Each structure stands twice: as structure tokens, then as C-alpha cells.
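Student: Sequence and predicted model, in that order:
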Amino acid sequence: MAVVVVDHTNFVANSRASQEALKSANLLKSLKINAIILGDVGVGKLTLAKFILPKATVVDGNNSNELYKAIESNHTLIIKNFTDITNFSKVKSEVEKNGVRIIATASRDSIAETVYDDFFSLKITIPPLSQRLEDVELLANKFLQEVCELFGDKEISISFENLDLSKNCYSLRRSVYLKYLIESFDESDVMKIMESFLSKKIGGKNDYRENLHLYDVPIIRSGFKKFGSQLKMSEKFGLNRNTLRRKITEYKGRYKLL
């Protein structure tokens, strides 16, 4: 399957669902009809809308004053959060009166079908990244290149395991940035981060013991990954096996050590 990357919008289309959405978007560039793009937060709705109407003004549906002003002063318009509009009939009347072409986006399909039919000739749905896994590595590589350019570094290699897709591109980008930063940390950076973090937490009567897990949990997790057994970990850590077992028992429920 060919990889399609829309350069100026950064819309990656490697999965079948993304390629179908891109085909519809290309069709909309020439048909001049109104359409709505649906999908969860961070799936690329606004990116695709800007691909269709690259010069259009973007306005939020939940800001009525700005919306009506935009309708009066533009021939093409991207309305994000379309389902937050409070008066669909008035908006439709203003759109028709001013002859405005609309590409809209919404995070949920929660209004009456008749509203969609009144406004739009085409509906595009973009699935979440969890259903478009063929797009994830390409997007992760794009975000890695982005963060390398941001910090003036040559592109480095990082693991793309356990990436957070809960908020689609938003959480994926954060995961990649975080992995990049972690790869670049040295001991001094780690201590500065811990110092900043702990300075906001301490102030009780048992702070040392209450925060010991911040050291114990990472080193036990790392030990499991590197050595594979409690016996080997005990030998390498110079720690009594019973002490190590007690710590693992204490933490495994809360912090998913295994």
C-alpha cells in the first residue's frame, strides 16, 4: 500500500480509513459543496478541513458573535465544534444569504440527522488512531522530526513502544516529545526534575518514606526488564531477596510492576 503524506497540512494517510478520508477531501476541493468532518479529539479533523479550504477563515461554533461576523465577511469558512452552535436555523439562514461555503468539524455525531442534511452534502468520519495503527508510526516519526528540529538536534532513534493514543495525535505527540526528552536526559537533568517535582510535594511529617516509591518503582521496573528475575535483581542490586520481595509486593498493585 502506498504511503500518502499531504505535505502542507501534515495529514498522514497510510491506513485505509485515512486514505478514504483523503479521497473525499480531494473530491471536496473541486466539488464546492458543504461537508462536515467527524471524529474524536485529535484525529486530524481540522488538518483535513484546512487541506480542503487552505485559505479559509477558521471560526469556533461555540462563539456566536465571531461566527456571524465570519459568515458576513467570508466566501469560505471552516467552522470547528459545529455541534456547539446554539441556533442552527439562524446560522443556516445567514450562510445562505451570504453565499458562504462551509467545511465543518465536530467531535461527536450528536445532532439530528435533519440538521446535517440541511447543511451538508457529505459527511466524512475519521476513526481514532487506535483503529488506524498503520498511521501511528508515520505520525510518530513526523513528531520526532518535529521535536528534533525544535531543539536543533539531528534526528535520533527512539522506541515507539507504549505510545499514548488516548487523545489521538495530541497524546501521541506528547508521548514522542517525552520519549525524546527522556533519551536526552543525563543524571543532572533527572535530579533537577526530581527536585522540582518533590519541592511541590514535601511538607508533611513522613516525606522521605512517603516518596521512596519514586526511586524504588523505576529501578524495580528496570530490573525486571533487564534481568528478568527477582533472584538476578537481588544479586545485581545488592539487596536482600526478602527485602526486594517485600518491596515488589508493596508496589505491584499500585504501580503495575509486573
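Tutor: Here it is on my side, so go on.
Student: Name the residues of stretch 68-81 that come out as buried.
Tutor: Buried residues in stretch 68-81, counted by 16 or more other C-beta atoms under 10 Å: 68, 70, 71, 74, 77, 78, 79, 80, 81. C-betas here are computed from N, CA, C, even on glycine.
Student: now, which of those residues sits nearest residue 103?
Tutor: Nearest to residue 103 among these is residue 78, at 5.2 Å by C-beta to C-beta.
Student: Correct me if wrong, but the closest one is in a helix.
Tutor: No: under DSSP: H, G, I helix; E, B strand; the rest coil, residue 78 falls outside any helix and is assigned strand.
Student: circling back to that earlier point, turn the buried residues of stretch 68-81 into CSV, columns for pLDDT and distance to residue 227.
Tutor: CSV is the format used below for the buried residues of stretch 68-81 (pLDDT from 0 to 100; distance: C-beta to C-beta, whole Å):
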residue, pLDDT, distance to residue 227
68, 97, 65
70, 97, 61
71, 97, 64
74, 96, 63
77, 97, 59
78, 98, 54
79, 97, 56
80, 95, 50
81, 95, 50
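Student: Pick out whichever of the residues you listed sits closest to residue 207.
Tutor: Within these, the smallest distance to residue 207 is 44.1 Å, found for residue 81 (C-beta to C-beta).
Student: Now do residue 220 against residue 226, distance only.
Tutor: Using C-beta to C-beta, to the nearest Å, we find residue 220 at a distance of 11 Å from residue 226.
Student: Of these two, which one has the most company?
Tutor: Using other C-beta atoms under 10 Å as the criterion, residue 220 and residue 226 rank with residue 220 on top: 23 against 10.
Student: isn't the more buried one right next to residue 251, touching?
Tutor: Yes: checked against C-beta atoms under 8 Å, the pair residue 220 and residue 251 is within contact range at 6.8 Å.
Student: For the helix ranked longest in the chain, name the packing helices and strands.
Tutor: Using DSSP state H, we find that the single longest helix of the chain is helix 133-150. Judged by 3 or more C-beta pairs under 8 Å, 6 or more residues apart in numbering; DSSP states H and E, the packing partners of helix 133-150 are strand 11-13, helix 16-31, helix 169-184.
Student: which of these is buried the deepest?
Tutor: Ranked by mean neighbour count, the helices and strands packed on helix 133-150 are led by strand 11-13 with a mean of 23 (mean count of other C-beta atoms under 10 Å).
Student: mind listing the strands for this structure?
Tutor: Ranges of strands in the chain, per DSSP state E, are 4-6, 11-13, 35-38, 57-60, 76-80, 101-106, 122-125.
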